[in-house]
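Participant: Generate coordinates for the sequence data below:
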Amino acid sequence: MVAAGIAARANEDGRWWSSAMVYTALGLMAAAAISLLDIRWLGAERDIAVLEHVAEAAVVVTLYATGLQIDRELRLVSWRTVVLLLGVVMPLTIGVITLLGMGLLGLSLGAAVVLGAALAPTDPVLAGDVGVGPPGSAEPEARFSLTAEASFNDGLAFPFLLAGLAIAADGGSGWIGSWLLVDVVYKIVVGVAVGAVMGHYAARLALPLRSRARLGADLDGWLAVAVALAVYGAAQTVSSYGFLAAICAGLAFRRYERDHEHHLEMHAGAKRIVQLLELGTIVLVMSMLTLTGLQVPGWSGWLLALLLVFVVRPFAALPVLRTRCLSTREERGFVAFFGVRGLGSIYYVGAALGTGILAPDEARTVLWTALAAVLVSILVHGVSANAGIRALEHQESLEPPRAPEPAPV
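Facilitator: Predicted structure coming up:
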């Protein structure tokens with residue numbers, strides 16, 4: 001909690017570090033102490049399942065909490081920037097990282113696609129520092145685009161991850177038909193449906209009880225956690241994408257009795273839980289880093305991480321972000337650059353390695369390259385986030401106010 005308070009004050013004061021940087025520093029100090037004192041601790045390779053499930057829990061709750069705060073009307077024209085980021089920028093990023101993984105790291109095609117699918121999604125947990133505010137607040141197009149992109153691409157990257165595993169396991173093209181039908185169509189459609197239905201009915205049950213004071217305000221955050229995990233579990237039970245279900249449940253909950261005061265209180269409670277999950281997860285992950293492990297990617301792996309942050313994401317996004325979507329150069333640059341990688345990437349790597357399909361040497365390279373990319377992203381985007389936000393806010397202050405969004409459907 002002390003660390004969370006320091007991070008929050010840093011952001012309020014406009015200083016140059018982000019909350020994720022504070023947590024990373026604590027985790028790295030813990031890793032150094034563990035090494036110096038020769039303490040038996042978790043290992044990133046040995047305990048990959050721990051990494052996977054801790055990151056999974058943090059992402060699920062964050063996705064649901066993010067859905068609670070988005071007020072944008074559910075029309076294609078209102079989400080066109082997000083559609084471009086998801087439908088063009090993310091697949092393009094996966095393709096480029098796949099080529100870099102094969103060329104720089106010597107990975108096989110399947111392992112390189114897995115690495116690309118893990119590193120392409122932006123992270124909903126860490127994107128909160130540059131995203132939209134609580135329910136009812138303004139949703140500038142640039143911030144909304146980053147928030148929504150980070151919310152949906154964590155689910156939409158999964159088909160590509162499964163494609164990489166299919167290539168690594170079987171090769172050939174016999175898997176493509178079932179992949180398109182099951183992993184792309186069925187799991188996406190059912191995941192969205194499960195989230196929308198369960199989120200709507202969760203609101204129908206919770207909000208009347210809240211109005212009658214039968215649900216305590218001090219438990220709002222834990223109610224959000226319960227709904228998020230129930231939705232995720234239901235989606236997983238029917239073999240669909242739980243991440244998509246979680247964000248859709250948050251959106252559906254928000255749209256039921258939109259003006260109910262409980263939405264703001266529930267989001268505030270969920271945000272506190274998310275901050276604790278972010279703190280605990282980042283510190284845990286960083287405490288598992290070792291000098292030996294960080295040397296596994298070699299210069300080529302660290303170069304790939306730098307290229308992802310400074311070249312691949314910005315140059316994939318800039319040509320796609322047209323002036324009709326983001327009207328100013330500052331907005332386009334902000335969205336193109338702030339593609340932060342984080343816990344979602346760690347979850348994907350853990351899920352892929354947990355199958356045992358990748359060869360041990362390639363699995364090790366994929367894991368530590370992904371961790372290197374997350375570390376680079378946290379440091380680079382953490383240093384630049386507040387400066388970028390201030391520049392964007394200055395630009396927004398010079399523009400005439402935009403017409404308010406219609407009530408969401």
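
Participant: which residues are contacting stretch 331-341?
Facilitator: 81, 85, 119, 121-123, 126-127, 130, 140-142, 145-146, 150, 308-309, 313-314, 317-318, 321, 326, 373-374, 377-378, 381, 384-385, 388, 391-392, 395 (Cβ atoms under 8 Å, 6 or more residues apart in numbering). For glycine as for every other residue, the C-beta is placed from the backbone atoms N, C-alpha and C.

Participant: Please apply the same query to stretch 61-69.
Facilitator: With Cβ under 8 Å, 6+ apart, stretch 61-69 has contacts from 124-125, 128, 131-135, 137, 147, 150-151, 154, 199, 224-225, 227-229, 231, 243, 246-254, 263, 266-267, 270-271, 273-274, 277-278.

Participant: Low-confidence regions, the protein specifically.
Facilitator: For the chain, the stretches flagged by pLDDT under 70 are 1-16, 128, 211-218, 259-261, 263, 323-324, 393-409.

Participant: for the stretch 201-350 of the chain, what spans make up the helices?
Facilitator: For the stretch 201-350 of the chain, the helices defined by DSSP state H, counting those that start in this stretch cover 220-237, 242-254, 262-287, 291-294, 298-307, 313-317, 329-337, 343-354.

Participant: oh, I was asking about the stretch 1-150 of the chain
Facilitator: 2-12, 19-36, 48-69, 80-84, 90-105, 109-119, 141-156.

Participant: buried ones in the fourth one?
Facilitator: Using 16 or more other Cβ atoms under 10 Å as the test for burial, helix 80-84 gives Thr81, Val82, Leu84.

Participant: residues in contact with the last one?
Facilitator: Applying Cβ under 8 Å, 6+ apart, we find Leu84 in contact with Val320, Leu321, Arg322, Cys325.

Participant: ok, the last one touching Thr81?
Facilitator: Yes: the pair formed by Cys325 and Thr81 meets the contact definition of Cβ atoms under 8 Å, at 4.2 Å.

Participant: Pull up the overlap in contacts between these two.
Facilitator: Joint contacts of Cys325 and Thr81 (Cβ under 8 Å, 6+ apart) are Glu141, Ser145.

Participant: Tell me, how many residues neighbour Gly354?
Facilitator: 14 (other Cβ atoms under 10 Å).

Participant: can you check Gly174 too?
Facilitator: 10.

Participant: For Val114, find the nearest of the helices of the stretch 201-350 of the chain.
Facilitator: helix 343-354 (4.9 Å; Cβ to Cβ).

Participant: Flag every buried residue along the following helix or strand past that closest one.
Facilitator: Downstream of helix 343-354, the first helix or strand assigned by DSSP states H and E is helix 360-398. For helix 360-398, burial by neighbour count (16+ other Cβ under 10 Å) applies to 362-382, 384-386, 388-389, 392, 395-396.

Participant: Likewise for stretch 72-79?
Facilitator: Those would be Arg72, Ser78, Trp79, for stretch 72-79 by 16+ other Cβ under 10 Å.

Participant: how about the first one, phi and psi?
Facilitator: I take that to be Arg72. The phi/psi pair for Arg72 (degrees, to the nearest 10) reads phi -60, psi 140.

Participant: Against Leu180, how distant is it?
Facilitator: 29 Å (Cβ to Cβ, to the nearest Å).

Participant: for the second one, same thing?
Facilitator: As defined by Cβ to Cβ, Ser78 lies at a distance of 28 Å from Leu180.

Participant: How about the last one?
Facilitator: Taking Cβ to Cβ as the measure, Trp79 falls 24 Å from Leu180.

Participant: ok, and the closest non-adjacent residue to the residue nearest the centre of the chain?
Facilitator: The chain has Asp123 as the residue nearest its centroid, 2.3 Å off, counting by Cα atoms, centre = their mean. Spatial nearest neighbour of Asp123, chain neighbours left out: Gly342 (3.3 Å); criterion: Cβ to Cβ, 6 or more residues apart in numbering.

Participant: Surely that neighbour touches Val376?
Facilitator: No: here Gly342 does not reach Val376: they are 11.3 Å apart, not a contact under Cβ under 8 Å.

Participant: circling back to that earlier point, and the buried ones among the contacts of Leu84, selectable in PyMOL?
Facilitator: Command for PyMOL that selects the buried part of these, burial taken from 16+ other Cβ under 10 Å:
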select buried, resi 320+321+325
